[in-house]
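> Any chance you can model this:
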Amino acid sequence: LTNLSGSAVIGVIAGLTLPGGLLASAPGATLFLAVGVLGGFTTFSAFSEQTAAMFADGEPFLALIYMTLSAWGCVAMALLGLMLGSRI
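Numbers count the residues shown, from 1 in each chain. Reported below is the predicted structural model:
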């Protein structure tokens, strides 16, 4: 859920940076928010550790489902956020 919500918010920020958006003229703020704050909020290392633990616990099918849903879900949430952010 952390990675999904973080991806959505990063998408909103990306939408706000499009020409005419609220953050279009603030590249420093965009980097701070998207890379700094949200980069710390969502971590690929935690995702990797959870996936490795599932494999180590003998749950390869669960690990593969988790990997697939996380990857596609995060991309989908980022796209949704981008669409929302571009309309603000």
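> for the top helix by length along the chain, what is the average pLDDT?
For the chain, the helix that runs over the most residues, judged by DSSP state H, is helix 60-87. For helix 60-87, mean pLDDT rounds to 93.
> which SS state does the residue of the chain positioned farthest from its centre fall under?
Note on the chain: the largest C-alpha distance from the chain mean falls to Gly58, namely 27.6 Å (C-alpha atoms, centre = their mean). What DSSP: H, G, I helix; E, B strand; the rest coil gives for Gly58 is coil.
> Tell me how far it lies from Phe32.
Computed with C-beta to C-beta, to the nearest Å, the distance linking Gly58 and Phe32 is 42 Å. From N, CA and C alone the C-beta is placed, and that goes for glycine too.
> Check Leu79 too.
Leu79 is 23 Å from Phe32, by C-beta to C-beta.
> Next: Ala53.
Ala53 is 32 Å from Phe32, by C-beta to C-beta.
> count of residues packed around the spatially closest residue to Ala63 that is not a sequence neighbour?
Excluding the flanking residues, the one nearest Ala63 by C-beta to C-beta, 6 or more residues apart in numbering is Met54, at 3.6 Å. Met54 is flanked by 18 other residues according to other C-beta atoms under 10 Å.
> same check, this time on Met77
Met77, neighbours per other C-beta under 10 Å, totals 20.
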